[in-house]
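Asker: What shape does this take:
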Amino acid sequence: MELELTAQSAKEEFLNVFAEKVKRPGAEKLLAWIATTDFFTAPASTRYHCACYGGLVMHSVSVYRVLMEKHFNPETDSEESFAIAALLHDLCKAQYYKVSTRNVKNEETGAWEKKPYFSVEDRFPYGHGEKSVFLIERLMKLKIEEAMAIRWHMGGFDDAARGGSYAISQAFEAFPLAVKLHLADLESTYLYERGTSEVNK
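Answerer: Below you'll find the model as predicted:
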């Protein structure tokens, strides 16, 4: 399975979905702030999934697609909440990576080629999911289930969970969206986003 998205098509889909689904107060201000960051050009990781220009928005849209296709129940779920949780769960990665290039020798041609190189330069070390929640809520109020889903979308990879916190279990028990977002994030990352790292090519 391959991620059939480019940075440009992902940005367009992100903006379309956000405009169509997210109608609450503050949404326009939040989107305007996002546009001042590198969200639409940043990678999603340093070397694994979507470690490429525009990888962050590609990943966000991919998670949204999986969340809607696999986990949306029109009788119980909110399209707005699903859009917010999926599209904004990794907002913490805006202004998070330092992007540069390095020369790598092409073993087939013998020529030196410029390849992207990404490193972490976190100017606001506030955690992961909790940082996304904080950044969103400065401009747009989240529902509790949205905040919980975004906060705990990393599941067992979250630093607090790895440290032994039981809060994640309580969040998963109480808020189905938190479980669904984590599953969509996992599936998108490990299945659909294989081979999307420019660093490893």
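Asker: Report the buried residues of stretch 142-158.
Answerer: Buried residues in stretch 142-158, counted by 16 or more other C-beta atoms under 10 Å: 142-143, 145-155, 158. Where you see a C-beta, it was placed from the backbone N, CA and C, and this is true even at glycine.
Asker: go on, stretch 153-172?
Answerer: Those would be H153, M154, G155, D158, A160, A161, I168, A171, F172, for stretch 153-172 by 16+ other C-beta under 10 Å.
Asker: can you put those in a markdown table and add secondary structure?
Answerer: Below are those laid out as a markdown table (DSSP: H, G, I helix; E, B strand; the rest coil):
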| residue | secondary structure |
| --- | --- |
| H153 | coil |
| M154 | coil |
| G155 | helix |
| D158 | coil |
| A160 | helix |
| A161 | helix |
| I168 | helix |
| A171 | helix |
| F172 | helix |
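Asker: can those residues go into TSV with extra columns for pLDDT?
Answerer: Shown next, in TSV, are the buried residues of stretch 153-172 (pLDDT from 0 to 100):
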residue	pLDDT
H153	97
M154	94
G155	93
D158	88
A160	85
A161	85
I168	93
A171	96
F172	97
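Asker: Tell me the one of the residues you listed nearest S62?
Answerer: H153 (13.5 Å; C-beta to C-beta).
Asker: wait, doesn't the closest one sit right on L87?
Answerer: No - contact criterion C-beta atoms under 8 Å: H153 and L87 do not qualify, at 12.0 Å.
Asker: about what we covered before: nearest to K23, of the buried residues of stretch 153-172?
Answerer: H153 (22.7 Å).
Asker: and that closest one, what does it touch?
Answerer: A85, H89, G129, A178, L181, H182, D185 (C-beta atoms under 8 Å, 6 or more residues apart in numbering).
Asker: List the buried residues for the longest helix seen in the chain?
Answerer: Longest helix in the chain by number of residues, with DSSP state H as the criterion: helix 55-71. Within helix 55-71, the residues scored as buried using 16+ other C-beta under 10 Å are 55-68, 71.
Asker: For it, enumerate the helices and strands it packs against.
Answerer: Counting contacts by 3 or more C-beta pairs under 8 Å, 6 or more residues apart in numbering; DSSP states H and E, helix 55-71 is packed against helix 7-21, helix 79-88, helix 176-187.
Asker: What average pLDDT does the shortest one get?
Answerer: The reference is to helix 79-88. Helix 79-88 carries an average pLDDT of 98.
Asker: how far does it sit from the chain's center?
Answerer: Relative to the chain's own centre, helix 79-88 is displaced by 11 Å; criterion: C-alpha atoms, centre = their mean, to the nearest Å.
Asker: could you give the angle of it to helix 7-21?
Answerer: 150 degrees (axes from the mean of the first three to the mean of the last three C-alpha atoms, to 10 degrees).
Asker: what's downstream of helix 79-88, the next helix or strand?
Answerer: strand 97-105 (DSSP states H and E).
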